[in-house]
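# Quick one, structure for this:
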Amino acid sequence: MDTFYSIVGFFLTGGPFMYPILVVFAVGAAIAIERYITLSQVTARNRDVWSQVEPALVDGDFDRARELTSKDESTVGRLLNMGLDLQGVVRRREDIEIAMEERMMEIIPNLEKRTPYVALASNIATLLGLLGTIMGLISAFTAVANANPAEKADLLSASISVAMNTTAFGLIVAIPLLITNQVLVAKTTEIINGLEMASVKALNVISASSKRRLEA
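Residues are numbered from 1 along each chain as shown. As a prediction, this is how the structure comes out:
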């Protein structure tokens, strides 16, 4: 309970800038949680779909692979379906590759959306903390200007201590948000790398199949 009161006291004595920092933290945390859950679901779904589609591709069963991806809304399903729809229709690997790259360009922005706002929230929290401290120091020096000389040192030290609370709170908010942003970027990169891997494997199988048909 003493810890709780200490935290409340720390917040209340930090001045008015503590409230916008708290709002920034709430917004940044909400975005981070939503992105983490979404990206985790995308990762799990992609792994599930790929585990079903890959054996069909290896066996050369493109009809089965098309069936699995045709109505699937996962990112890997949508990507592979673009290539599989062109399998047997066009002969050049480049044509299929361009089509899948086009689909990839549609998928990536959806994976990356809102993640930059977490880093932005981290930067805003830091800057608000510094601004709050500067404004607090200005108020502190203004207050002690007309104070009793004997009380100036104690009054100034107390005021500075309170003003520094804003910077401390800004950093307390900023550091976790910055770390979370890097975690989200890493998860997004992992998904994109997985999509590129699946795309290359599918292209290789389709190209090999087309080559065998031409040689037959």
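# what's residue 7 sitting at in phi/psi?
Comment: the main-chain dihedrals of residue 7 come out as phi -70, psi -40, following degrees, to the nearest 10.
# what helices or strands is the longest helix along the chain leaning on?
Of all the segments assigned as helix in the chain under DSSP state H, the longest by residue count is helix 149-215. Counting contacts by 3 or more C-beta pairs under 8 Å, 6 or more residues apart in numbering; DSSP states H and E, helix 149-215 packs against helix 2-12, helix 18-58, helix 75-86, helix 93-112, helix 115-145. Using the backbone N, CA and C atoms, a C-beta is placed for each residue, glycine as well.
# Show me what the second one is packed up against.
Yep, that's helix 18-58 we're talking about. Identification of packing neighbours for helix 18-58 by 3+ C-beta pairs under 8 Å, 6+ apart yields helix 2-12, helix 62-70, helix 75-86, helix 115-145, helix 149-215.
# mind redoing it with 6 Å?
For helix 18-58, the packing partners by 3 or more C-beta pairs under 6 Å, 6 or more residues apart in numbering; DSSP states H and E come out as helix 62-70, helix 75-86, helix 115-145, helix 149-215.
# can you redo these as a markdown table with mean pLDDT?
As requested, these are arranged in a markdown table below (pLDDT from 0 to 100):
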| stretch | mean pLDDT |
| --- | --- |
| helix 62-70 | 87 |
| helix 75-86 | 88 |
| helix 115-145 | 88 |
| helix 149-215 | 84 |
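# need the ones you listed in JSON lines with distance to residue 26 and mean neighbour count, can you?
Rendered in JSON lines, the data for the helices and strands packed on helix 18-58 read as follows (distance: least, C-beta to C-beta, whole Å; neighbours: other C-beta atoms under 10 Å):
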{"stretch": "helix 62-70", "distance to residue 26": "39", "mean neighbour count": "18"}
{"stretch": "helix 75-86", "distance to residue 26": "29", "mean neighbour count": "22"}
{"stretch": "helix 115-145", "distance to residue 26": "9", "mean neighbour count": "18"}
{"stretch": "helix 149-215", "distance to residue 26": "10", "mean neighbour count": "16"}
